[in-house]
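K.L.:
need a 3D model of the sequence below.
(one chain, ligands or ions: 1)
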Amino acid sequence: MPAFREWPAPAVLDGFLMSRRSVREFKDKPIAHGTLEALLDVARRAPTASNSQKLHWIVVEGGNKVHALSVEAMNWLLNAGISKAMVEHWESGYDFILRGAPVVIMACTPEDYAWGKQDCAIALTFLELAAEARGLGVCWAGYLTRVAESHEPIRKALSVLEGYVVRGGVMLGVPKFSYRLVPPRKQLSVQWN
Ligand SMILES: Cc1cc2nc3c(=O)[nH]c(=O)nc-3n(C[C@H](O)[C@H](O)[C@H](O)COP(=O)(O)O)c2cc1C
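P.N.:
Below is the predicted model of the structure:
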């Protein structure tokens, strides 16, 4: 593919990167399948160690299917022991695991591939930014990722390929609200040697 030369001005790109934020409330609206394909097409261009490109993606489309994953993950979390407050939150009907998102995308690599976590995190970041550029809201799916790493019923529910492991994922949808602020950040910690 020929390289694209119309780079955004640094101030535009910096502003975009610094203004992104996690979105945890979504409209009850699907994301067009073609949009998901476009996002994955961007994500597959992300760098991987030695250009090995070992990622395999799992896309779960539909709020009901997504929520079923939360229910399964919650079974695991209850066994693992979570706070009373979290249990009460869940029992109040709030899905704090996948937040009512209409789509979840998980990135997997072969279990014996040493750079799996790094490659997946980079590719998911590409995907996240491409989604945000299209007006979609995204949040990393940390709970689901942790559970999917080892819990067989979740691996089964996701139909994870034999010999593959889930390394990361995001939930996404049309944001319910538009935000004026982004979360605060700590001062830079750096040493210039
Ligand atoms: C690896 C990773 C896992 C995360 N998992 C979750 C999660 O399971 N649920 C959630 O609501 N947010 C999750 N987040 C979002 C973080 O809480 C969020 O990025 C952080 O609070 C900073 O806020 P911002 O993304 O709006 O800048 C995760 C973020 C990362 C990077």
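
K.L.:
when you work out contacts or count neighbours from here on, use the C-alpha atoms and nothing else.
P.N.:
Fine.

K.L.:
low-confidence regions, the chain specifically.
P.N.:
Within the chain, no stretch has pLDDT under 70.

K.L.:
so residue 94 lies in a helix, does it not?
P.N.:
No: Residue 94 sits outside any helix when classified using DSSP: H, G, I helix; E, B strand; the rest coil, being coil.

K.L.:
angles on the backbone of it, please.
P.N.:
The phi/psi pair for residue 94 (degrees, to the nearest 10) reads phi -90, psi 120.

K.L.:
same question for the one 5 residues further on.
P.N.:
Dihedral angles of residue 99 (phi, psi; degrees, to the nearest 10) stand at phi 60, psi 30.

K.L.:
and if you look at the one 5 residues further on?
P.N.:
Geometry field for residue 104 lists phi and psi as phi -130, psi 140, criterion degrees, to the nearest 10.

K.L.:
what sits against the spatially most central residue of the chain?
P.N.:
Residue closest to the mean C-alpha point of the chain, counted by Cα atoms, centre = their mean, is residue 170 at 1.3 Å. Contacts of residue 170 were listed using Cα atoms under 8 Å, 6 or more residues apart in numbering, and they are 104-106, 124, 128, 138-142.

K.L.:
out of these, which one sits closest to the ligand?
P.N.:
Closest approach to the ligand among the contacts of residue 170 (Cα to the nearest ligand atom): residue 142, at 3.2 Å.

K.L.:
ok, residue 54 to residue 138 distance?
P.N.:
Applying Cα to Cα, to the nearest Å, the value for residue 54 to residue 138 is 23 Å.

K.L.:
now the helices for this structure?
P.N.:
10-19, 33-43, 63-80, 84-91, 116-133, 142-150, 152-157 (DSSP state H).

K.L.:
most packed of those?
P.N.:
Highest mean neighbour count among the helices of the chain (mean count of other Cα atoms under 10 Å): helix 116-133, with a mean of 21.

K.L.:
and it with helix 33-43, angle?
P.N.:
Angle, helix 116-133 to helix 33-43, by axes from the mean of the first three to the mean of the last three Cα atoms, to 10 degrees: 130 degrees.

K.L.:
counting contacts, what elements does helix 116-133 pack onto?
P.N.:
helix 33-43, strand 103-110, strand 137-140, strand 164-173 (3 or more Cα pairs under 8 Å, 6 or more residues apart in numbering; DSSP states H and E).

K.L.:
how far does the third one sit from its chain's centre?
P.N.:
Using Cα atoms, centre = their mean, to the nearest Å, the distance from the centre of strand 137-140 to the centre of the chain it belongs to is 6 Å.

K.L.:
does it reach the ligand?
P.N.:
Yes: applying Cα under 6 Å from any ligand atom, one finds strand 137-140 touching the ligand at 139-140.

K.L.:
quote the end-to-end distance of stretch 107-121.
P.N.:
Terminal-residue distance, stretch 107-121 (Cα to Cα): 8 Å.
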